[in-house]
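Engineer: next come a sequence and a model predicted from it.
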There are 2 protein chains.
Amino acid sequence: MKIEQNPPREKWVELLKRPQTTVDDLEQTVDDVFDQINNRGDQAVKKYTELFDGVTLTDLEVGKKSIEASVDKVSQQLRSAIDVAYENIKAFHAAQKRSPVEIETMPGVKCRMEFRPIQKVGLYIPGGTAPLFSSILMLAIPAKLAGCQEIILCTPPQKDQEVHPAMLYAAKKCGVDKIFTLGGIQAIGAMTFGTETVPKVYKILGPGNRFVTAAKQRATKHNVSIDMPAGPSELMLAVDDSAHADYVAADALSQAEHGVDSQIVIVSNSNAFLEDVDQAIQQQIKDLPRKDIAEKAIENSAFIVLDDEDEMIAMINQYAPEHLIIATRFNDKLSKAIINAGSVFVGNLAAESIGDYASGTNHTLPTNGFARQYSGVNLSSFQKSVTFQEIDKNGLQNIGRSVEEMAAAEELFAHKNAVRIRLNDLDKNGK
Amino acid sequence: MKIEQNPPREKWVELLKRPQTTVDDLEQTVDDVFDQINNRGDQAVKKYTELFDGVTLTDLEVGKKSIEASVDKVSQQLRSAIDVAYENIKAFHAAQKRSPVEIETMPGVKCRMEFRPIQKVGLYIPGGTAPLFSSILMLAIPAKLAGCQEIILCTPPQKDQEVHPAMLYAAKKCGVDKIFTLGGIQAIGAMTFGTETVPKVYKILGPGNRFVTAAKQRATKHNVSIDMPAGPSELMLAVDDSAHADYVAADALSQAEHGVDSQIVIVSNSNAFLEDVDQAIQQQIKDLPRKDIAEKAIENSAFIVLDDEDEMIAMINQYAPEHLIIATRFNDKLSKAIINAGSVFVGNLAAESIGDYASGTNHTLPTNGFARQYSGVNLSSFQKSVTFQEIDKNGLQNIGRSVEEMAAAEELFAHKNAVRIRLNDLDKNGK
């Protein structure tokens, strides 16, 4: 493992470079699939499931019986674990509820901001080898808390058309209204346009591969909003020799096992500590079932020595990591100075995997540097704000002239008139 | 004016139909311009300003002297009016500041959400016949309050390369860092990629025509986020005979003068009142400088009688208006039931133009039904949330087993190991 020694800032861009992923090549395919789904509904959705997933669906929707039966098929231990995660995630997201904001900006001019649920939301949960029930918790719990009226979920069918019982258990527990065995572009298309079976939604949230990413980006052209663009997962660790090398190694590997394109950046003020971490990684990696994947990801990781704490802060904010572990003697200083990061794990015991599953924070986070401008999924991802204003006679008299003046300056005379006609009445009626 | 009488719900979609606007035809142009700007920077930006705006720019940036000189060129009355609006907008957006959210989800597991500014933002203000200083206030005030470090502004140059003094006055007052005389696709491209002169930003906000809309949509493919998609402005009015027909007419016309594609929908439980409104409109429209525009917009407006209050609520939420005026005897009931709307004006004195300029609420609002899933611009448009978690020994013991169980079920063994290795140490050290 090559350790970069105090690289100057002009080298950072190159050093922190992420693999460039583009979905441009998929746009035409997405447009074609969307067009078919928009015109032919369920029929098209089934066709593409056969074509892309090799599964012939008899039903798109998972039946109530399958969902009910899921409880008994999940082990008691796993159910208890999911229940713990559920409670923590619910508690943290419930704490994010906002009261209306209300002030009188001038005497007689009252402004208010209230929060309303997005009525119909679609959650996408990727398939793959493992059942991602944790992502269901992360999306469906805040959706329910926000008061969304219709919460639907799409996930690719297994070969036997089924959905893993642990996913059904999680979805049922969270109050998901309908579950569809649909994946990829056709899932996003079905939720965007609606079909005979799948309801049209207003917003689509959830992770996915590049087909899903391309389809979500394209869906925004069809009156649907999305949570954020997706990219490969990533972890930055800012550590000094008060951290434990074997913990740091374990955290790096938990990131590395996600995929060969996982990003890992370890920054430390101690070269010796980084060497210890490297050794611990080589030791721990041997026993991992996903060793081959993890090895490739580790090869692409960056080990960087930065002696200066402020340089470390600058590098964190430049990289804008999805996950950030800080285990140093100056965690407080770092925490305060971090501007760009998705979720931060503070101290030696805060393994990333705790936040991935159960601490209560959300694991649907901005990748690819998007922490510069996007929040991770949170309660407000399922809400929007509506503003209200009430103006009384006093208020109109306080504000009316200013509005007239500005409307005239912007040459909007009907705007001016809407105030003038009211002011005239007040004047006539002797204020 | 044809008045629809209690149309059944199946007719609503047709009745509330908005003009379909697509920017698909512009995608190739945007891609080409972006490509040129990405490769040739200022040179390309200048070329396209010549081509599209017919203006040969010597400088892209407005000089400090022009900005300083703007104060004296704006009338004292207009400056005072802008100052009133500034204070109200600032007060309402400052009231939106959030404290960190912090809870202990389980003993020893602390989760926190903090709010951080988006460091670099770009504001777009359209050109046209009138100087839209009000939009500068609406975007730059919350940007500054949020703590954005770099706030830049692009607006198309007038023929003499200048920017209207009222706009410079507003920008200066709000603390905009740099102003560039750039419009359309080239402005969005410059802020997306950065040039020798124009800084690259993380998020672009502000209204614009279809070229700007197409460019903003496309910019989201290049690691920039945007506020929301834009469309023609719209106003819905829900009124009964406690409203004033001439006020309603004046508000409808203030919407109508924006453009021929402005949308106006008036819903009432009184047919007679709607006839009075129609008459008042015919009366008031005669004197408007923008009579021709307003007439066309009024022709396309919808007058609808709905006897039932709940039907009225349902129609409002189905239409999801950008602006909504409610002037009825049941305003409270309506206010509570409104889920989909951008900004709501409550009562007879709350003219839309008051909110457009000065009440304190934001006027950058979701059009085209996007109030179903988007908020209008507000303080949080310039922020993102970062979550933190801290876990102590007690917390690790409370949560560790659950995380291990779930990681194993998702077949992520390095995730499990990151917890196990810490738990083992705790066990070894006798808890």
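Structural biologist: That came through fine.

Engineer: measure the spatially most central residue of chain A to chain B for me?
Structural biologist: Centroid-nearest residue in chain A: residue A:364, 3.4 Å away (criterion: CA atoms, centre = their mean). Plainly put, residue A:364 is 11 Å away from chain B if you go by CB to the nearest CB, to the nearest Å. In short, each C-beta sits where N, CA and C put it, glycine included.

Engineer: how close does the closest residue in space to that residue that isn't next to it in sequence sit to residue A:406?
Structural biologist: Among residues not flanking residue A:364 along the chain, residue A:377 sits closest, at 3.8 Å (CB to CB, 6 or more residues apart in numbering or on different chains). Relative to residue A:406, residue A:377 is positioned 39 Å away (CB to CB, to the nearest Å).

Engineer: same deal with residue A:384?
Structural biologist: 27 Å.

Engineer: for chain A, what's the longest helix?
Structural biologist: If you go by DSSP state H, chain A has its longest helix at helix A:76-94.

Engineer: which elements pack onto the following helix or strand past that helix?
Structural biologist: Counting by DSSP states H and E, the next helix or strand C-terminal to helix A:76-94 is strand A:101-106. Here strand A:101-106 touches strand A:109-117, helix A:393-409, helix B:76-94, going by 3 or more CB pairs under 8 Å, 6 or more residues apart in numbering or on different chains; DSSP states H and E.

Engineer: picking that back up, which ones are touching the residue nearest to residue A:364?
Structural biologist: Neighbour list for residue A:377: A:138-139, A:142, A:205, A:227, A:362, A:364-365 [criterion: CB atoms under 8 Å, 6 or more residues apart in numbering or on different chains].

Engineer: one more pass at 6 Å, please.
Structural biologist: A:227, A:362, A:364 (CB atoms under 6 Å, 6 or more residues apart in numbering or on different chains).

Engineer: sec struct for it, please.
Structural biologist: coil (DSSP: H, G, I helix; E, B strand; the rest coil).

Engineer: phi, psi of it?
Structural biologist: Main-chain torsions, residue A:377, degrees, to the nearest 10: phi -60, psi 140.

Engineer: now name the helix or strand holding residue A:335.
Structural biologist: helix A:331-337.

Engineer: now residue A:204
Structural biologist: Per DSSP H and E, residue A:204 falls inside strand A:203-205.

Engineer: quick one: distance of that strand to the chain centre.
Structural biologist: Centre-to-centre, strand A:203-205 and its host chain are 10 Å apart (CA atoms, centre = their mean, to the nearest Å).

Engineer: so residue A:4, which of the three states?
Structural biologist: Following three-state DSSP, residue A:4 is assigned to strand.

Engineer: for it, which non-adjacent residue is closest in space?
Structural biologist: Nearest residue to residue A:4, sequence neighbours excluded (CB to CB, 6+ apart): residue A:304, at 4.6 Å.

Engineer: isn't the one you found right up against residue A:3?
Structural biologist: No: the pair residue A:304 / residue A:3 is not scored as a contact, 7.2 Å apart, by CB atoms under 6 Å.

Engineer: more crowded one of the two?
Structural biologist: residue A:304 (23 against 15; other CB atoms under 10 Å in any protein chain shown).

Engineer: looks to me like the more buried one is in a strand.
Structural biologist: Yes: according to three-state DSSP, residue A:304 belongs to a strand.

Engineer: now do it, the pLDDT please.
Structural biologist: The per-residue pLDDT reported for residue A:304 equals 98.

Engineer: and it, what are its bridge partners?
Structural biologist: Counting by DSSP bridges, residue A:304 forms beta bridges with residue A:4, residue A:267.

Engineer: the one helix or strand residue A:217 maps to: what's the following helix or strand?
Structural biologist: Assigned by DSSP H and E, residue A:217 belongs to helix A:210-219. Later in the chain than helix A:210-219, the nearest helix or strand by DSSP H and E is strand A:225-226.

Engineer: thinking again about what came up before, buried ones in the strand holding residue A:204, by neighbour count?
Structural biologist: For strand A:203-205, a neighbour-count test (16 or more other CB atoms under 10 Å in any protein chain shown) marks A:203-205 as buried.

Engineer: closest to chain B out of these?
Structural biologist: Taking CB to the nearest CB as the measure, chain B lies nearest residue A:203 of those, at 4.7 Å.

Engineer: how close does the closest one get to residue A:119?
Structural biologist: 10 Å.

Engineer: just residue A:155 next, same as before
Structural biologist: The gap separating residue A:155 from residue A:119 is 22 Å, by CB to CB.

Engineer: thanks a lot, see you next time.
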